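>>> next comes the sequence, and after it the predicted model I'd like to discuss.
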Amino acid sequence: MKIYFVLCILISLFLSTFVAANEKLDQLKTFTQDQGDWLTTNQGLLVSDDNNQLKAGPRGPSLLEDFHFREKMTHFDHERIPERIVHARGVGAHGYFQPYEDFSEYTKAALFKDPSKKTPVFVRFSTVAGSRGSTDIPRDVRGFAIKFYTEEGIWDMVGNNIPIFFIQDAVKFPDLIHSVKPEPHNEVPQAQSAHDTFWDFASLTPETTHMLMWVMSDRGIPRSLSTMEGFGIHTFRLINASGKSRFVKFHLKPIEKGVHSFVWNEALKVSGQDPDFHRRDIEALIESGNPLEWNVGFQIIEEDQVSKFDFDILDATKLIPEEDFPIKFVGKLVLDKMPDNYFAETEQVAFHPGHVVPGIDFTNDPLLQGRLHSYIDTQISRVGINFAEIPINQPINKARNNQRDGRGRMHINKGKVSYFPNSLGNNKPSPSAQGYVSHHERIEGWKVRERSASFADHFSQATMFWNSMADWEKKHIIDAFSFELNMVQDQGVRSAVVNNLLINVNETLAQGVSLKTGIEITAKRSSVAYKKASPSLSMDKKSQSIKGRKVAVLVADGFDFAEYGNVSKTITDQKASVVVISNKAGFVVAAGGQKVKIDKPLENAPSVLFDAWVVIGGEASSKTLGSSGLANHGLKETFMHGKPVAALGTSSKLLYQNNIPVDINQGVFSKYLEFGALFVEALKRHKYFNRSIESIDA
């Protein structure tokens with residue numbers, strides 16, 4: 001009887017556990033709701049238009065009374081705590097901006113007046129889609145946000161490494177990011193656009209096409225943060241002291257280094273070998289005395305020139321070709337110091353495109369207008385209402401106002417007056433005649449949810465981008481689209497990308513993707529092919545310098561010390577870095593007895609982490625490296641990725657045993673070709689030898 005009683009209790013406990021588990025599932029179901037047929041606000045109000053903000057006329061400013069936009073964007077801004085919703089993974093650095101001359105003809109902003117004055121800056125680079133723990137090297141847009149600590153206050157230039165954006169109106173931003181983030185039913189994939197929801201959204205939103213071309217090009221996988229361009233994206237205004245207004249696009253171009261990227265196969269391997277590659281790279285450059293440097297430029301458009309464009313300069317999916325409006329370089333941006341604490345500086349820094357100084361003003365770009373609301377709201381959610389008092393965000397000119405209290409308040413305000421006007425505090429602080437004044441622009445229009453007809457062309461500039469690419473760049477774009485679409489499961493989405501978007505960019509592009517994906521082309525181009533090209537968009541250019549590049553120099557016991565010395569001098573004279581690699585750790589001994597410290601053993605030095613490989617000669621050394629699987633693989637892989645390889649003296653046999661042709665035009669050198677200036681020139685052309693990734697069996 002006792003045994004029976006115990007058994008009943010055990011069965012009862014088991015059943016109660018089972019029932020409780022099911023009750024919990026039932027409880028969760030009460031919190032689950034279907035999407036439903038009709039879109040409403042959180043208050044249950046039916047929404048008539050979810051594609052456009054409420055504006056004063058199709059091209060007018062957005063209106064603050066747009067409760068649907070504010071509810072939608074505010075909810076989106078508060079979806080993550082405390083990680084940034086977008087641009088979560090970042091790396092920052094301190095530096096300065098210095099103008100080349102007085103540019104007060106164009107703007108009254110003080111930081112552009114005195115060539116002897118350096119304005120402190122903090123720059124945060126970031127990926128967009130991934131979380132803080134994702135890799136540095138996904139195919140993605142890179143944020144390029146600059147905080148200028150000017151004598152007149154903070155100016156935040158919050159840009160990217162691509163001059164345009166996916167969408168035209170900020171009301172679509174939550175949709176864009178929801179589509180590219182991990183899918184909500186299973187939280188995958190991380191930091192990738194290669195999945196159904198992103199391409200579903202893109203295929204149904206033709207305005208994304210131009211941006212897709214950029215991201216699917218090698219611009220989406222930059223080799224180094226120091227070798228990518230920066231852009232302000234939007235059209236802003238410059239205002240001079242007399243009140244004259246001009247439109248402006250902001251540009252940043254690397255000084256000397258040029259623009260360089262990974263090839264896709266290489267990027268995949270770097271993500272596995274070192275997901276922190278960009279973070280390590282920027283720190284190594286700065287600590288080795290190679291600061292990151294960019295030319296800062298204005299692309300200036302006079303007000304009476306706007307009518308000459310065949311697109312709307314307020315459309316953030318469009319760029320202004322440099323051939324039509326050359327960039328006027330106004331100064332240099334230099335980053336030369338890493339933060340002392342990642343959290344206190346890089347993580348807590350808070351940017352906002354609405355932080356401007358006199359001489360810089362906004363336009364009616366509906367994407368920019370939405371950002372002016374969204375960013376301040378995001379920072380309040382992420383770091384609190386007093387985020388401006390966090391040290392990294394404080395202006396160098398002291399803030400003085402009547403704002404009080406709130407979470408995280410750091411300032412202790414004395415006195416009993418916290419309002420204006422006042423007589424008890426002698427009306428201080430009071431407005432200043434030198435204070436910020438918005439551009440005097442006439443505004444009128446009906447309240448509408450419309451998009452200007454001037455925003456309607458979604459394919460011409462995407463075609464211009466394609467027309468501007470070199471053959472190898474076009475191949476990489478086809479490969480990128482194909483890789484992404486081959487990861488998409490839904491056949492309807494796959495077909496829509498090719499037949500709704502790519503066919504309207506270029507038939508060769510669509511056909512190339514069709515061949516690699518098996519997606520049938522069923523549509524025809526909807527308009528006459530756009531013929532214009534902008535050569536400045538291509539990366540098929542020789543850079544001016546190899547400064548900051550990393551060259552792996554392979555040696556083993558018995559290496560030729562004289563050859564090693566010549567190679568090291570050639571590379572370091574160009575301000576590039578030599579990383580000594582061997583089949584072991586510790587020290588390596590030359591044929592003449594000289595000892596050299598090994599920086600990394602082969603096991604910890606995959607080829608993808610370097611810009612070139614050089615194998616030093618020496619009978620014993622060549623024999624050891626020639627029998628090393630890692631050395632042979634690294635040499636083949638370097639060649640496959642389009643980077644210069646050199647095998648000098650007796651080590652040249654490694655080229656032949658790996659079927660690597662000795663060809664200076666392909667950046668391959670042996671004992672028959674002089675190591676020196678030719679190698680430096682090949683390294684400047686890093687990855688642009690028009691070589692196919694399939695040209696050698698990897």
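Yes, it's here. Just so it is clear, the model here is predicted, and its values are computed rather than measured.
>>> can you tell me how far the residue nearest in space to the middle of the chain is from His476?
By C-alpha atoms, centre = their mean, the mean C-alpha position of the chain lies nearest to Arg142, the distance being 0.6 Å. According to C-beta to C-beta, to the nearest Å, Arg142 and His476 sit 17 Å apart. (C-beta placed from N, C-alpha, C; glycine too.)
>>> what do you get for Pro358?
44 Å.
>>> and for Asp365?
Taking C-beta to C-beta, one finds Asp365 at 31 Å from His476.
>>> okay, the two: which has more neighbours?
Comparing Asp365 with His476 by other C-beta atoms under 10 Å, the one with more neighbours is Asp365, at 25 against 22.
>>> for Met539, see how far away that one is.
Per C-beta to C-beta, Asp365 is found 27 Å from Met539.
>>> do the same with Asp573
26 Å.
>>> the two: who's more crowded?
Met539 (21 against 10).
>>> ok, and the closest non-adjacent residue to that one?
Val259 (5.2 Å; C-beta to C-beta, 6 or more residues apart in numbering).
>>> give me the neighbour count for that neighbour.
18.
>>> please, which helix or strand holds it?
Under the criterion DSSP states H and E, no helix or strand holds Val259.
>>> let me see the contact set for it.
Arg219, Pro222, Thr227, Met228, Glu229, Lys253, Met539, Lys541, Ser543 (C-beta atoms under 8 Å, 6 or more residues apart in numbering).
>>> could you pull out the helices for the stretch 551-698 of the chain?
Ranges of helices within the stretch 551-698 of the chain are 561-573, 619-626, 629-640, 653-657, 677-684, based on DSSP state H, counting those that start in this stretch.
>>> where does the stretch 351-500 of the chain dip in pLDDT?
Counting by pLDDT under 70, not a single residue of the stretch 351-500 of the chain qualifies.
>>> what's the local residue count around Gly629?
8.
>>> repeat for Val614
Using other C-beta under 10 Å, Val614 has 28 neighbouring residues.
>>> likewise for Thr40?
11.
>>> same thing with the one 4 residues further on?
Residue neighbour count, defined by other C-beta under 10 Å, stands at 6 for Gly44.
>>> and it, how far is that from Asp34?
15 Å.
>>> so what's the closest residue in space to Ser261 that isn't next to it in sequence up against?
In space, and not counting its chain neighbours, Ser261 is closest to Asp218: 3.7 Å by C-beta to C-beta, 6+ apart. Neighbour list for Asp218: Ser261, Phe262, Val263, Glu473, His476, Met539 [criterion: C-beta under 8 Å, 6+ apart].
>>> ok, now how distant is the fifth one from Glu389?
The spacing between His476 and Glu389, counted by C-beta to C-beta, is 46 Å.
>>> and for the third one?
As judged by C-beta to C-beta, Val263 and Glu389 stand 45 Å apart.
>>> who's more crowded, these two?
For Val263 versus Glu389, neighbours defined as other C-beta under 10 Å are more numerous around Val263 (21 against 17).
>>> from what I can see the more buried one touches His476, true?
Yes: counting by C-beta atoms under 8 Å, Val263 touches His476, with 7.0 Å between them.
>>> so where's this protein uncertain?
Ranges of the chain meeting pLDDT under 70: 1-25, 27-32, 80-81, 671-674, 686-698.
>>> which parts of the stretch 51-200 of the chain are helices?
67-77, 173-180, 196-203.
>>> so who does Arg371 touch?
By C-beta under 8 Å, 6+ apart, Arg371 lies in contact with Val158, Ala170, Pro353, Gly354.
>>> cool, and Ile360?
Thr107, Ala109, Trp155, Phe236, Arg237, Leu238, Ile239.
>>> neighbouring contacts of the host helix or strand of the fifth one?
Using DSSP H and E, the secondary-structure element containing Arg237 is strand 236-239. Residues from elsewhere that reach strand 236-239 (C-beta under 8 Å, 6+ apart): 106-109, 245-250, 298, 300, 358-363, 368, 439.
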